[in-house]
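A.B. asks: prediction below, plus the sequence it came from.
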Amino acid sequence: MNSPQLSRAALSTWMAAAAVAAFPTWEEWRFRLQPGEPEIRACFGGSMETSPLDPLRGDLDVLLRDVTAAAVPVLLVVVVFIACLGHKSARQEGRRAAGALALIAVLEPAVPAYGLPDPDDCGMITMLSPEWFATVLGSWGATQFCLLGAAALVLLAARITGIATAQRPAAGVTWRRVAALLVDYVILVVALPFVVALVLLVTGLDGSPSFATNWGLVNAMCVSPVSMDPDRLIALPMVLAYFWAQHSRQGWTLGKWLLRIRLAGAGEAKPGVGRVALRTLVFPGAVFVPVVGPFVLVIDVLWTFLDPDGRTLHDRLARTVVTPRVPSVKPLG
């Protein structure tokens, strides 16, 4: 397939998008290398109202904490530019990249845990409360506007670069995969504390009696040499088994079943248990490794823009593909 011709206007727009996306990273490192006076706050007690969204907020906070410092926005623009030169689905890739940039812009100020303005109260502002919305909007700054500006420039650059004549095979399931993952995430957040408590009770292991996922799965289960608690060592294999067992047996998790997608082998055959195990270790397994996890997730996502079929890196390594789930039709008679 011939690469689309790149006009001077398209190249200039791509360069502008990269420059605008890089500005927040430059600002972030300027702040980190020349920090101001630290603010010390001491308080005792406080209200701790929780929200059903706290687990997701906590995990997104961990995963997005260093996105700007690691230059992920500008890397995304560069990767999509390369992808647009390699095939004719420039508009499709531009929309996906612009959506990712806009999502980062909106989520970054929304996922930190904000403390109450009263210096004597150690409580946190409840998510989705009027005070929370005011605090989040007040946290918007140059980073958010630059990312939204970069998203708009990417859309324009992709439109100038070429016209999508056909969607890639994975294009139709991208957002359904995200929704399915959210469903599985909710199931694990709710069920895992009960299952871990039951295993600790049955085995008699000395684990934390209050293992909880109130602040997210990643926060609860990151395993490292300094955090080898029995409850974490039990919870992580259970999460991996949740994905591995269902994908190996029927090709979908509960989330995928609800969103009508499934996991198949690259040749439409059912993937073997070994390939599914490798896939599960890369994702979600690697996400729970401290420091490394967020970078594995970034590489996995960026790979989808360069992959000829739009597959993730863990699917490419395991030779699997996520496709729409077609209901089986019984023959008449």
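C.D. replies: On my side now, so go ahead. Numbers count the residues shown, from 1 in each chain.
A.B. asks: contacts only, for the closest residue to residue 67 other than its chain neighbours.
C.D. replies: Computed as C-beta to C-beta, 6 or more residues apart in numbering, the closest residue to residue 67 that is not its neighbour in sequence is residue 104, at 6.1 Å. Where you see a C-beta, it was placed from the backbone N, CA and C, and this is true even at glycine. Residue 104 sits next to 64, 67, 72, 73, 147 when contact means C-beta atoms under 8 Å, 6 or more residues apart in numbering.
A.B. asks: what sits against the fourth one?
C.D. replies: Taking C-beta under 8 Å, 6+ apart as the contact definition, residue 73 lies against 21, 22, 24, 25, 67, 101, 104, 147, 150.
A.B. asks: from those residues, which land in helices?
C.D. replies: If you go by DSSP state H, those have 21, 22, 24, 25, 101, 104, 147, 150 in helices.
A.B. asks: out of those, which is nearest to residue 299?
C.D. replies: Closest approach to residue 299 among these (C-beta to C-beta): residue 104, at 15.9 Å.
A.B. asks: could you pull out the helices in the stretch 201-333 of the chain for me?
C.D. replies: Assigned by DSSP state H, counting those that start in this stretch, the helices in the stretch 201-333 of the chain fall at 217-221, 230-249, 254-258, 273-282, 292-306, 313-318.
A.B. asks: and these, which one is worst for confidence?
C.D. replies: Ranked by mean pLDDT, the helices of the stretch 201-333 of the chain bottom out at helix 217-221, with a mean of 85.
A.B. asks: tell me which other helices or strands that helix touches.
C.D. replies: In this structure, helix 217-221 packs against helix 54-64, helix 174-203, helix 230-249, with contacts taken as 3 or more C-beta pairs under 8 Å, 6 or more residues apart in numbering; DSSP states H and E.
A.B. asks: any chance of those helices in a markdown table, plus mean neighbour count and distance to residue 139?
C.D. replies: Output for the helices and strands packed on helix 217-221, formatted as a markdown table (neighbours: other C-beta atoms under 10 Å; distance: least, C-beta to C-beta, whole Å):
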| stretch | mean neighbour count | distance to residue 139 |
| --- | --- | --- |
| helix 54-64 | 19 | 13 |
| helix 174-203 | 16 | 24 |
| helix 230-249 | 18 | 32 |
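A.B. asks: and the ones you listed: which comes nearest residue 9?
C.D. replies: Judging the helices and strands packed on helix 217-221 by C-beta to C-beta, what sits closest to residue 9 is helix 174-203, at 28.5 Å.
A.B. asks: tell me the centre residue of this structure?
C.D. replies: Centroid-nearest residue in the chain: residue 297, 6.6 Å away (criterion: C-alpha atoms, centre = their mean).
A.B. asks: which secondary structure element of this structure has the lowest mean pLDDT?
C.D. replies: Least confident helix or strand of the chain, by mean pLDDT, DSSP states H and E, is helix 217-221 with a mean of 85.
A.B. asks: list the buried residues of that helix.
C.D. replies: Of all the residues in helix 217-221, those buried under the rule 16 or more other C-beta atoms under 10 Å are 217, 218, 220, 221.
A.B. asks: go on, stretch 125-142?
C.D. replies: In stretch 125-142, counting by 16+ other C-beta under 10 Å, buried: 125, 126, 127, 132, 135, 136.
A.B. asks: just the residues you listed: which are in helices?
C.D. replies: 132, 135, 136.
A.B. asks: with those residues in mind, which one is nearest to residue 189?
C.D. replies: Nearest to residue 189 among those: residue 132, at 20.3 Å, using C-beta to C-beta.
A.B. asks: pLDDT value on that closest one, please?
C.D. replies: pLDDT, the model's per-residue confidence, is 93 for residue 132.
A.B. asks: what residues are up against it?
C.D. replies: 114, 125, 126.
A.B. asks: check contacts around residue 57.
C.D. replies: 51, 110, 111, 113, 127, 216.
A.B. asks: which residue, other than its chain neighbours, is closest to the fourth one?
C.D. replies: By the measure of C-beta to C-beta, 6+ apart, the closest residue to residue 113 outside its immediate chain neighbours is residue 124, 5.1 Å from it.
A.B. asks: so the one you found bridges to which residues?
C.D. replies: residue 115 (DSSP bridges).
A.B. asks: neighbours of it, just the number please.
C.D. replies: Neighbour count of residue 124, defined by other C-beta atoms under 10 Å: 19.
A.B. asks: just the pLDDT for it.
C.D. replies: With respect to pLDDT, residue 124 scores 84.
A.B. asks: that one contacts residue 115, doesn't it?
C.D. replies: Yes: between residue 124 and residue 115 there is a contact under C-beta atoms under 8 Å: 6.1 Å.
A.B. asks: okay, and the common contacts of the two?
C.D. replies: Shared contacts of residue 124 and residue 115 (C-beta under 8 Å, 6+ apart): none.
A.B. asks: and the buried residues of stretch 125-142, which is closest to residue 205?
C.D. replies: Nearest to residue 205 among the buried residues of stretch 125-142: residue 127, at 33.8 Å, using C-beta to C-beta.
A.B. asks: now do the contacts for that closest one.
C.D. replies: The contact partners of residue 127, by C-beta under 8 Å, 6+ apart, come to 51, 53, 54, 57.
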